[in-house]
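Asks: For reference, the sequence and a predicted model appear below.
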Amino acid sequence: MMTWPTHIVAVAGLVEDSKGNVLLAKSTHRKSWEFNGGQVEIGENLEEALVREIKEETGINVTVRCLVGLYSNIQQSTWYDGVTPVPTKLMLDFLCDYVSGEPTTSDETTEVIWCPREQALDMITLPAYRLRMQNLLSFSGQVFYHAYSTKPFEEHYSRMV
């Protein structure tokens, strides 16, 4: 009998304003600076999910500009409670443009800031987020694909698509 695969589909976006700043938030769970996003919910397309997640986590309204990268976290992990299993993930990262709103924290963020673009990578400490941030900051039109595991971080596959 066939079993259906279980994967989380998630989206994230790097929001840029007209002054050369990018939006970063400190995660409640990981205690680290990150660009924002989350899981796609039933009935949402990818862009709707991304706009909703950024608004929920930061108070900022955005438009989605373009796809930058596809990422497979091929390692199953455990939720922050230390018990609940988390499936593998497919993540899609986008560049986004600021529309309106003021940086505001949420249940998922403890700080939200506009950071000068040239300082953003230095703020990111988690290896998977650093890889993804490097791709977002250096995007020149060709989409990245990476497969990795996070605990410990190991890149298994990488190419331009």
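Replies: Perfect, I can see it now.
Asks: which residues sit in contact with the residue nearest in space to the middle of the chain?
Replies: Centrality entry for the chain: nearest residue to the mean C-alpha point is residue 12, 3.3 Å, by Cα atoms, centre = their mean. Contacts of residue 12 were listed using Cβ atoms under 8 Å, 6 or more residues apart in numbering, and they are 35, 36, 37, 38, 50, 53, 91, 92, 93, 94, 132. To be clear about C-beta, it is placed using only N, CA and C from the backbone, and glycine gets the same treatment.
Asks: ok, of those, which one's closest to residue 104?
Replies: residue 36 (12.0 Å; Cβ to Cβ).
Asks: pLDDT wise, what is that closest one at?
Replies: On the pLDDT scale, residue 36 is placed at 96.
Asks: ok, what's across the strand from it?
Replies: With DSSP bridges applied, residue 36 shows beta-bridge pairing to residue 13.
Asks: Pretty sure it sits against residue 54.
Replies: Yes - contact status for residue 36 versus residue 54: in contact at 4.9 Å, counting by Cβ atoms under 8 Å.
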